[in-house]
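Novice: Return atomic coordinates for the entry below.
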Amino acid sequence: MTNWRAAAQHAIENKTKPLGALGRLEALAVDIAAFQQTLEPFVDPVRVIVFAADHGIATAGVSAYPQAVTAEMVRNFARGGAAINVLARQIDAPLEVVDVGVLGGLEPLPNVVSARCGFGTENMIERPAMSAVQLELALAVGRDAALRSEARLLVLGEMGIGNTSAATALAAVWLEMPVAALVGPGTGLAAEGVARKAALIESAIERAGRAPRDPLRYLAEFAGFEIAALIGAMHAASERGVLVLVDGFIASVAALYACALQPSCRSALVFAHRSAEPGHRRILQELDAHPLLDLGLRLGEGSGAALAVPLLRAACAILRDMASFEAAQVSRASDPA
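Specialist: Numbers count the residues shown, from 1 in each chain. Below you'll find the model as predicted:
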């Protein structure tokens with residue numbers, strides 16, 4: 001049986017360059033080749049999927065923006081006017097938006113798939129965010145979206161006012177850390193707003209309890225439908241041999257739970273960037289993830305993941321197309337006497 005990682009490492013080291021001169025691009029090329037089990041890796045076609053849903057906790061004032069913005073942004077996606085639309089066009093990738101549970105429902109919109117598991121989650125301060133049945137439905141929505149994508153590389157994004165609160169709660173209970181060590185400004189809260197947000201998230205955790213440590217229970221207690229859909233999409237992509245570019249804090253929390261539920265999916269995940277959300281660094285450490293970019297982003301939507309696509313394309317091209325020393329008849333380095 002071919003050891004594809006070793007074969008790719010040998011191939012990249014034999015290219016016409018000093019050993020390791022392309023830095024992390026070389027490691028990225030080896031990771032992709034090992035996952036795809038080929039020395040001629042490709043990441044095209046690329047597809048972008050954004051899952052959208054509302055959160056009950058948004059009514060408690062954990063965001064700088066009103067809850068209505070979730071639906072308004074889905075309409076903006078449909079019109080092609082959001083950041084992820086612009087970035088998807090830059091990387092020549094079709095964009096699909098999946099309504100997993102936007103409050104109030106949406107009229108039919110172009111490139112928006114309706115797959116609602118509810119009209120927003122419950123307020124997790126008062127009761128579980130969703131039922132076990134709704135959780136299974138949301139996971140299935142994500143799986144279905146990934147399976148119909150016909151991609152080699154998926155860029156996954158999310159939209160949902162209040163979802164940094166859900167992600168922070170999920171991170172805090174899984175990592176067994178205080179909320180204050182993880183919580184951030186989300187859509188732009190000032191310090192006082194962040195402190196209030198942390199207290200509200202702590203009250204939700206106090207209601208639910210941290211034990212027993214069960215990923216499915218935690219997801220039902222605190223997640224959003226879009227976070228569960230991200231997990232389902234990651235699982236399906238991994239099973240189909242499709243790479244996933246993981247975006248920022250919320251997507252990385254989804255990745256944390258995806259790996260807790262199905263550890264084998266970790267090899268499919270490429271972490272695009274380190275976001276400005278304080279908790280993201282700790283999530284990346286837990287996953288032993290080394291993001292490709294650090295641009296101070298905190299938008300979500302899959303925007304940071306879309307920005308990283310050219311790096312994956314370049315890494316593949318280097319391994320496929322760059323000449324070896326033998327083919328180019330270039331002398332290798334020699335150790336000094």
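
Novice: Confirm Pro66 sits in a helix?
Specialist: No - Pro66 is assigned coil when assessed by DSSP: H, G, I helix; E, B strand; the rest coil, not a helix.

Novice: Spit out the contact partners of it.
Specialist: Counting by CB atoms under 8 Å, 6 or more residues apart in numbering, Pro66 touches Ile161. From N, CA and C alone the C-beta is placed, and that goes for glycine too.

Novice: What distance do you get for it to Leu103?
Specialist: 11 Å (CB to CB, to the nearest Å).

Novice: and if you look at Met124?
Specialist: Remark: distance between Met124 and Leu103 (CB to CB) = 15 Å.

Novice: okay, the two: which has more neighbours?
Specialist: With neighbours defined as other CB atoms under 10 Å, Met124 and Leu103 compare such that Met124 has more, 29 against 21.

Novice: Nearest residue to that one in space, please, no chain neighbours.
Specialist: Ala204 (4.3 Å; CB to CB, 6 or more residues apart in numbering).

Novice: Chain neighbours aside, what residue packs nearest to Asp44?
Specialist: Nearest to Asp44 is Arg152, by CB to CB, 6+ apart, at 6.2 Å.

Novice: Just confirm that neighbour contacts Phe35, I think it does.
Specialist: No - Arg152 lies out of contact with Phe35 (CB atoms under 8 Å); the separation is 10.4 Å.

Novice: between these two, what contacts are shared?
Specialist: With CB under 8 Å, 6+ apart, Arg152 and Phe35 have common neighbours Leu243.

Novice: returning to that earlier point: and the helix or strand containing the residue nearest to Met124, how far out from the chain's middle?
Specialist: For Ala204, the host element (DSSP states H and E) is helix 191-208. In this view, helix 191-208 has its centroid 24 Å away from the chain centroid, taken as CA atoms, centre = their mean, to the nearest Å.

Novice: Please put the alpha-carbon coordinates of that helix into CSV.
Specialist: Extracted in CSV, the C-alpha atoms of helix 191-208 (Å, rounded to 0.1, in the frame of the first residue of the first chain):
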residue,chain,number,x,y,z
ALA,A,191,-16.5,46.1,26.7
GLU,A,192,-19.7,46.5,28.7
GLY,A,193,-21.7,44.6,26.1
VAL,A,194,-19.1,41.8,26.1
ALA,A,195,-19.3,41.5,29.9
ARG,A,196,-23.1,41.3,29.7
LYS,A,197,-22.9,38.7,26.9
ALA,A,198,-20.5,36.6,29.0
ALA,A,199,-22.9,36.7,32.0
LEU,A,200,-25.9,35.6,29.8
ILE,A,201,-23.9,32.7,28.3
GLU,A,202,-22.8,31.6,31.8
SER,A,203,-26.4,31.6,32.9
ALA,A,204,-27.3,29.3,30.0
ILE,A,205,-24.5,26.9,31.0
GLU,A,206,-25.6,27.1,34.6
ARG,A,207,-29.1,26.1,33.5
ALA,A,208,-28.0,23.2,31.4
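
Novice: and the angle for the helix or strand following that helix with helix 191-208?
Specialist: Of the helices and strands lying after helix 191-208 in sequence (DSSP H and E), the nearest is helix 215-222. Relative orientation of helix 215-222 versus helix 191-208 (axes from the mean of the first three to the mean of the last three CA atoms, to 10 degrees): 120 degrees.

Novice: who's in contact with helix 215-222?
Specialist: With CB under 8 Å, 6+ apart, helix 215-222 has contacts from 124, 128-132, 134-135, 166, 169-170, 173-174, 204-205, 208, 227-228, 231, 257, 260-261.

Novice: Of those residues, just the buried ones, ChimeraX syntax please.
Specialist: Here is the ChimeraX command that selects only those of the contacts of helix 215-222 that count as buried (16 or more other CB atoms under 10 Å):
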select :124,128,129,130,134,135,166,169,170,173,174,204,205,208,227,228,231,257,260,261
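
Novice: residues near Val253, how many?
Specialist: 31.

Novice: The closest residue to Leu200 other than its chain neighbours: how many residues sit nearby?
Specialist: Nearest residue to Leu200, sequence neighbours excluded (CB to CB, 6+ apart): Ala60, at 5.3 Å. For Ala60, the tally of surrounding residues (other CB under 10 Å) stands at 20.

Novice: quick one: Ala60 and Gly302, what's the gap?
Specialist: In terms of CB to CB, Ala60 sits 26 Å off from Gly302.

Novice: What ranges does this protein have for its strands?
Specialist: 46-53, 95-101, 112-114, 153-159, 243-246, 269-271 (DSSP state E).

Novice: Relative to His280, which of the ones you listed is closest?
Specialist: strand 269-271 (9.8 Å; CB to CB).

Novice: and that closest one, how far out from the chain's middle?
Specialist: Counting by CA atoms, centre = their mean, strand 269-271 comes out at 8 Å from the chain centroid.

Novice: Can you list the strands that that strand pairs with?
Specialist: strand 243-246 (parallel) (DSSP bridges).

Novice: Centre of the chain to the partner strand, how far?
Specialist: 7 Å.

Novice: so where is this protein shaky, pLDDT-wise?
Specialist: In the predicted model of the chain, residues 335-337 satisfy pLDDT under 70.

Novice: now the helices for it?
Specialist: 4-13, 24-36, 69-79, 83-90, 132-147, 163-175, 191-208, 215-222, 225-239, 249-261, 278-286, 303-321, 325-328 (DSSP state H).
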